[in-house]
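Student: Provide a 3D model corresponding to the input given below.
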Amino acid sequence: ILPESMPRVPGYDLVGMLRPANHTGGDMFDLVSLDQGLFVLLGDATGHGAGPAMSVTQMQAMLRVAFRLGASLDEAYQHTNNQLAEDLPEDRFVTAFMGFLNPATHEVTYHSAGQGPILHYRLEQDQCDWHEPTTFPLGSIEIAGVGKHHSFTLAPGDIMALISDGVSEYGSLAGQLFGQEGVARVLRENQGRSMAELGQSMLDELARFGGDGAQEDDITIVLIRRDVHC
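Tutor: Okay, here's the model as predicted:
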C-alpha cells in the first residue's frame, strides 16, 4: 500500500518512511500527484497487525477513488469517515492527516483527523510551529457535514513534517519519551540536508535514544521541503 517511488514535484524534496513494529503495521502513508495537486496522506489505525493494516488500506482506497471521481477534500473526508464508521468495530478508528499541496501557490490544505500535531518548520524564523488535529479520528462517529479545511503556506526552505506518534512516544530504557522536543531538535539540526537524509537522521536518533529497548509502535515519517530558491 506504500508508494513504489516518490512523485517528482518541481521545487520540492519529499520522502516517506515506514518502520512497522510488527511484520504488518497499522501505519501507512501515501504521496501521489493528482489533478488537485500533491495528495499527502498519513494514517494510523488503532492496534497492530493484519486488522489495522486492512483498515488503513480501505481508507486509502476510498480516498483515491473519491479524488479521481472529482470529490473535494471536504467531501472525501466526510464520506470516508462515514463509511469507516459503518464498517469498523466500535472500539476501532483511524487517525489520519489528509491534504493537498498546491505546488504553484505552495499552500497546504488539509484535515487532520486526530493525527498530529503536524510540524511546520519555518526556515526564516528557524522556528517549529505545531498544528494540532483539526477534528476527531476517522470512523469514530458518522457525521452529516464537515468543517472547512485548514491551511498554511510553505515559504522557501520551509518543511512540513508528518510524524506518527511512534516517533514522539518512542521510549528510552530509563522511561523517558523522545517527545516533540526531540523531533524539533533533530529537524532543526538537519534541515539543510536532503529529506531522505533528514528522515534517516531521525531514525538513527531514535535508535540511539531507545538503546536496546524494543520498538513498541509503528514509526512513520513524511517530510516535504520547498526549495529555498523556489
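Student: Averaged pLDDT, whichever helix in the chain runs longest. What do you get?
Tutor: Ordering each helix of the chain by length in residues (DSSP state H) puts helix 50-68 first. Averaging pLDDT along helix 50-68 gives 82.
Student: distance between it and the chain's centre?
Tutor: 15 Å (C-alpha atoms, centre = their mean, to the nearest Å).
Student: who's in contact with it?
Tutor: Helix 50-68 has contacts (C-beta atoms under 8 Å, 6 or more residues apart in numbering) with 1, 24-28, 30, 32, 34-36, 39, 41, 43-46, 75-76, 79-80, 83-84, 87-88, 92, 94, 96, 98, 138-139. Placement of C-beta: from N, CA and C, glycine included.
Student: Now with 6 Å, please.
Tutor: With C-beta atoms under 6 Å, 6 or more residues apart in numbering as the contact definition, helix 50-68 has outside contacts at 1, 24, 26, 28, 30, 34, 43, 45, 76, 80, 94.
Student: need the helix or strand of this protein with the lowest average pLDDT.
Tutor: Scoring the helices and strands of the chain by mean pLDDT, DSSP states H and E places helix 50-68 at the bottom, with a mean of 82.
Student: what's downstream of the longest helix of the chain, the next helix or strand?
Tutor: helix 73-87 (DSSP states H and E).
Student: What residues sit buried inside that following helix?
Tutor: For helix 73-87, the neighbour count (16 or more other C-beta atoms under 10 Å) marks 73, 76, 77, 78, 79, 80, 81, 82, 83, 84, 85 as buried.
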